[in-house]
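Q: test case, fold it:
(2 chains)
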Amino acid sequence: MCAMRITGYADLFGVNPGKTIQFYVNCDGPKDYNVEIVKMINGDTNPRGPGHIEEHIDAACNSSYPGRKQIIHSGSYGVLADNPHLQTESFTMQCWIWPTTPKTHPQYWKHGAQGLMAKWCDGKGYGLFINEDGCLELRVNGDKVTTGAPIRDHAWHFVAASYDADSGEAVLYHEPQIQYALDPDIPPVSTKVSGAPKHTPNVPFTVAAYTDRLDDGPLAQSSRPAGIVMGGHYNGKLDSPRLCRRALSRQDIETMKLGAQPGLTERRHSGPTGPLSEAIVGSWDFSDGIDTIGGSDRGPYVYDLDIVNCPTRAMTGHNFSGHNFDWKHAQKEYGAIHFHDDDVDDARWAVDFVWEVPADQRSAFYAAKITSSEGDEDFIPFWVVPEVGKEQSKIAVMVPTISYMAYANEHLANNAGGAELLVYRVPIMQDQNMFLSEHREYGGSIYDTHTDGSGLCLSSRLRPILSIRPKYDHFLMQAPWQYPADLHLICWLEQMGYEYDCITDEDVNYDGLARLENYNVVITGSHPEHNSGPQLDALHNYTQQGGRLMYMGADAWYWIHSYHPAYEHLGRGIVTEMRRCESGIRTWRADPGEYYHQGTGELGGMWRYRGRYLHSVAGTGMSSEGFDISSYYSRTYESNDPRVEWAFEGIDYDEKLGNFGFVGGGAAGTELDIVDTMLGSPPHTLVVATSAGRHTEAYLLVMEDFGFNQQGLDGTQHPRVRSDIAYHETPNGGACFAFSSIAFCGSLPWNNGDNNISKLVGNVLNRFMADGPLPPPPADAYIHRGRADYDPPMNKASK
Amino acid sequence: MIRIPKKGSPERDRIIAEHKACMESMKGVAGCSVLRCGEQGDTTEVSGGIHEDFVLNRVLLRMRAAMPANGKRKLVVICTEPDKSWRIGRLAGVRGVPPEFVNDTVYDNEQDPQHDIFVMRLDEMEEEDGFPEHFREGWKRRDDNWTVT
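A: Residues are numbered from 1 along each chain as shown, chains lettered A, B, ... in the order given. Down below sits the predicted model:
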C-alpha cells in the first residue's frame, strides 16, 4: 500500500560552512535517484497558503546516484565474539527475566521464538529461549527441551538450563518469582539430548537474541557485528546472566546467582566459590556501566558484551526493594536491562553521497531533495550553522532539534486508538505514518510505546526520521507540526526579508552561552518542548545579560532531556533520553524506580518537578491543550502600557488578532501557555493579549495544574484554558516576548504575511534585533512586586 | 453509558444532520471539530455541534473511546495524496501490520470521510454496551482501548 521507496538521513543535523555532511539513502526499487540540495522555505501544501517553497542550491553533490536498498537491523541485544571458552561441550545458563511479550500474535512483526542467552544458529549450538508458544525452551543443536508452561508476562522468573556432555542429560528450570494460589507447579524438566553442542565458527554468544545467520551480503553490513544478522529479539527485562562450562547442580546454580565476586584481597579466585569460579565463562552484571553501551563481565575472562541498539537501562531488577529510586544510590538493584525488538541507536547505513558545504554558505534550513524518475521523493533536512564567532546575522532561529527527536517517527495515529479522544476527530494518516506502521525497524518516538507496550525513552537521530519532513501534516492537528510548522516561521522571515542564522538545540547544549551571546535576538520554534539542562542554562544566561528571546510557541521547556554520553564518539547529540515520570502530559508513564536517566544519571520527568518552572524561561508556561481547532486573541489594557505599546503600532485595540492561520485556523491553538507568577513568570510580566474564553471543549487543563479529577476543566469552562501573549524585560536591556501558542507561527505567512500577527511579530523583532540594549522602561515601572501579592490595589481592597 | 441512537430514530437522523452540517462548515480549516463555523472555513465564531447537542457530544466521545462490535478495529482516515485525496481505512491492531482500506471511495477533502466514519460507526456500534451484562474477561486486561498508547 505504501509508496515510500526512498528514505534517508544525514550524519549531522547542523553542519558548519566549510565542513562536510554525509548522506545515507535507502532506494528500494528505482535504479537510480537524483540529488538536489535545496534551501527550505515552506513545507505546508495547504491550498490556502503559499504552498511548498524550496530554492535550488548549486551544490557539487547535485547529481544522479545509483539506487540501493539499505535496511535497519533493529532490536537490542548483547553480543560477544566467538571464542574457545564459548565453544563448551557442557554448560549451564541462568538469568532472571521479566518478559513483556512471551507469546505474540501470529501476525506480530517479529513473531517467533525469542533468544535469552545463546550461542546458537541454524540448529547448531546451545541456547535458552522463549519458544513460539511462550514457554521456556533449551536448545542443544536441533534438540528442544521445554517445560510446556507458558511464562507469565510482566513478572519476574528465574530460569536456568544445564547440559552434561558426559551423561547427555539436560535439565531446564523455570521458577516464577510470584506464585498465585492457582498456579500449577512447574517442575524442572530433565531429559537426555542427542549430542553435545556443535559449534559454528564465528557465531557469537548473544543475550536477548540469537544468531539468525552469517551473511556476506550487502544488507547484512548494517547489522552489528557486520555480517552477523540477529533474530529472535527478546522483549523484556533480563538480569544477571551467567554462563558456566559445566552442568551445575541446582544448589550450585543457586550459589551462582551471586555471580563472580572479585575484589577481596584474601580471595584467590573470582568466586562465588572456588569450584564454581573454575566453571565461570561469563558472569555479567548489568548494574555496572549503566551509562555505557557495554555489558560488564565480572568473571575471570572479562568478556564484556557489546550492547547494541541502546536498550533501556537503569531499570529495576528482580531484587528491587523500593527504598531508593536513584540507581546511582542502589546500583545492585538495577541489574536489569529492558531489551526491545524495535530499539535502534544507529541505522549504520553506508554513505551514498557527501556535500562539502562552501565556506560562504548562508545559514538556513536545507534539505537534500531526493527524487526518482518514477515519481519517488524524499527530503533529508539539515541546517547550515555558522561556527561560534562567525555569526552571519543579528537574528538566530533556535531550531528545536531535541523536540524533533522526541517526536521522531511517532506511531500514535496507528497505535493509539484512544488518541481520537485527544484530537476530537478521526486521525488522518499520511504516507509517512503508513510506511512506519509496517516498518517498525525505523524505531518510534518518545511519545510511543515500544512494540512490547513499554515506554520509549530513547531516540536516535542516526536513522531516517520521517516526521521531520515537508509536506507532512501531523495527525494531532491535521496540519504541520514541529519541523513543517517551524517552516511557517521561516517562510515569514523570508517574506519579510529578514536575515537570520539557524542554530540547533544541539549547538546550544554543547556550546552554551557562547552559541547565543553574539545574537541580538534568539527566536524559538513553535514547540520547543524538550530541552536539556545546559540549554536552559544558556537561555537564562543569555536573557539575563541583555539578550532578547522571542518564544514563538507553547508547551516549551517542559521535559528533561539529556544526550547519552556513550554515543559522543559518533558526534553531538546522537541519542536523547527522556523519562515520563510523575506528572505532565504523558503518553506512557515510567514505572516506579525508573525515573533516573541511564545516560547522565539525572532525575528525569518535567523540569517543573526539578524546581525549574517552565514559566521562568520566557515568561509563560503550558496550561492546556486541545487539537481540534484554534481561535484568536484580543488585546488587554496592559498592551497600552508604555513599556510595550510599541509592539502594537499599526494594530487597532479592537482588532481580532490571528483569527486566521494554517494550524487550526487561528493563532491561538493546539497547546497554550499562560502567565503565572506563582510558577515562575516574573512579577513584572505584562499580558498584552489573551484568547481567554474562546476555546472548545477539546481543550483541557494540564494535569499538573490540578490535584484531583473534576468536571469543568475544558476550554468552554476553565479560566486557565487560554493563551497569553506576554512581555517582560530582563536585566541589561534584554527582554522576552512569549506568543504562547503552538499554532501561532501558522498565522505568520497568512495572506503573504500581510496580517496583524505578522505586524505584531515584526514590531517585536525590529525592536529586539536592534544593536545595543533596549530602551529602558519608564522610571515609574520600577516598583516592588510580590508573586501572589502582585496587585497591591486589588489586595488592599480585599483586605 | 450513553445509548447509541437506533437506526431510523429521529435522534439519529438529527445528530447525523448536525454532524454533516459541522463537517461542511469546517471545509477549508486546517483542523477540524464537530462544530459549525460562522462562515465556512473560518473558526472565528463556532457554535452548534458538540457544544450544543448533548447527545451528539456524548455519542462522539463514546465512539472515539470504544472499539466497534464484532472484534473489528478502529476506522481511520488515510491521506493518499497531501491536500488532494483521502480514503477510509481500518487499523490492524497488531504492531507492524498497516491499516487496510475498507472500500474504494476516494474523497477530495478531509471532512467528508470524517462524516462517513461517523455514520459507519453508528451502524457498527452496539446500541448499549458497558453494563454488567456485557462483562468479558478483557475488562481485566485493558482491552477497552481507552489508553492513549
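Q: now do the helices in the stretch 401-550 of chain A.
A: Counting by DSSP state H, counting those that start in this stretch, the stretch 401-550 of chain A has helices at residues A:401-406, A:412-415, A:419-423, A:431-438, A:483-496, A:505-511, A:513-516, A:533-544.
Q: pull out the buried residues from the fifth one.
A: The reference is to helix A:483-496. A:483-495 (16 or more other C-beta atoms under 10 Å in any protein chain shown). Quick note: C-beta positions are derived from backbone N, CA and C, even for glycine.
Q: so, low pLDDT: which residues of the chain?
A: Just so you know, I chose chain A. Applying pLDDT under 70 to chain A flags the ranges A:1-2, A:264-266, A:416-418, A:790-799.
Q: hmm, no, I was thinking of chain B.
A: If you take pLDDT under 70 as the line, chain B has these spans: B:143-149.
Q: now the helices for chain B?
A: For chain B, applying DSSP state H gives helices covering B:10-26, B:49-52, B:54-65, B:111-124.
Q: so which of the ones you listed comes closest to chain A?
A: When these are compared by C-beta to the nearest C-beta, helix B:54-65 sits nearest chain A, at 3.8 Å.
Q: does that closest one reach chain A?
A: Yes. Using C-beta under 8 Å from any C-beta of the partner chain, helix B:54-65 reaches chain A at B:Asn57, B:Leu61, B:Arg64, B:Ala65.
Q: a markdown table for the residues you listed, including neighbour count and distance to A:Pro464?
A: Below are the residues of helix B:54-65 next to chain A laid out as a markdown table (neighbours: other C-beta atoms under 10 Å in any protein chain shown; distance: C-beta to C-beta, whole Å):
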| residue | neighbour count | distance to A:Pro464 |
| --- | --- | --- |
| B:Asn57 | 17 | 41 |
| B:Leu61 | 16 | 36 |
| B:Arg64 | 21 | 31 |
| B:Ala65 | 14 | 33 |
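Q: could you check how far B:Ile4 is from B:His115?
A: Distance, B:Ile4 to B:His115, by C-beta to C-beta, to the nearest Å: 16 Å.
Q: which residues are in contact with A:Gly712?
A: Listed by C-beta atoms under 8 Å, 6 or more residues apart in numbering or on different chains, the contact set of A:Gly712 reads A:His718.
Q: backbone dihedrals for A:Lys124, both of them.
A: Backbone geometry at A:Lys124, expressed as degrees, to the nearest 10, gives phi -130, psi 140.
Q: now it: closest residue in space that isn't a chain neighbour?
A: Distances taken as C-beta to C-beta, 6 or more residues apart in numbering or on different chains place A:Lys198 nearest to A:Lys124, at 4.5 Å, with adjacent residues excluded.
Q: so what strands line up beside the host helix or strand of A:Ile41?
A: Take DSSP states H and E as the rule and A:Ile41 turns out to sit in strand A:32-42. Partners of strand A:32-42 in the sheet, by DSSP bridges, are strand A:53-56 (antiparallel), strand A:63-66 (antiparallel), strand A:364-371 (antiparallel).
Q: coming back round to it: wait, the residue nearest to A:Lys124 touches A:Asp122, no?
A: No. Counting by C-beta atoms under 8 Å, A:Lys198 stays clear of A:Asp122, with 10.4 Å between them.
Q: can you pick out the most distant pair from the residues of helix B:54-65 next to chain A?
A: Largest separation among these by C-beta to C-beta: B:Asn57 and B:Ala65, giving 13.0 Å.
Q: and chain B, which of the buried residues of helix A:483-496 contact it?
A: Here nothing survives when the buried residues of helix A:483-496 are matched to chain B using C-beta under 8 Å from any C-beta.
Q: sorry, back to before: the residue nearest to A:Lys124: neighbouring residues, count only.
A: Neighbour count for A:Lys198, taken as other C-beta atoms under 10 Å in any protein chain shown: 13.
Q: that one: what's it in contact with?
A: By C-beta under 8 Å, 6+ apart, the contact list for A:Lys198 reads A:Lys124, A:Gly125, A:Asn141.
Q: can the strands paired with strand A:32-42 go into JSON lines with extra columns for mean neighbour count?
A: Below are the strands paired with strand A:32-42 laid out as JSON lines (neighbours: other C-beta atoms under 10 Å in any protein chain shown):
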{"stretch": "strand A:53-56", "mean neighbour count": "16"}
{"stretch": "strand A:63-66", "mean neighbour count": "12"}
{"stretch": "strand A:364-371", "mean neighbour count": "23"}
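Q: ok, which of those comes nearest A:Trp327?
A: For these, the distance to A:Trp327 is smallest for strand A:364-371, at 39.1 Å, taking C-beta to C-beta.
Q: off-centre distance for the closest one?
A: Offset of strand A:364-371 from its chain centre (C-alpha atoms, centre = their mean, to the nearest Å): 23 Å.
Q: mind checking what helix or strand follows that strand in sequence?
A: Per DSSP H and E, the first helix or strand lying C-terminal to strand A:364-371 is strand A:377-384.
Q: show me what that next one is packed up against.
A: Identification of packing neighbours for strand A:377-384 by 3 or more C-beta pairs under 8 Å, 6 or more residues apart in numbering or on different chains; DSSP states H and E yields strand A:6-10, strand A:14-15, strand A:20-27, strand A:32-42, strand A:364-371, strand A:501-504.
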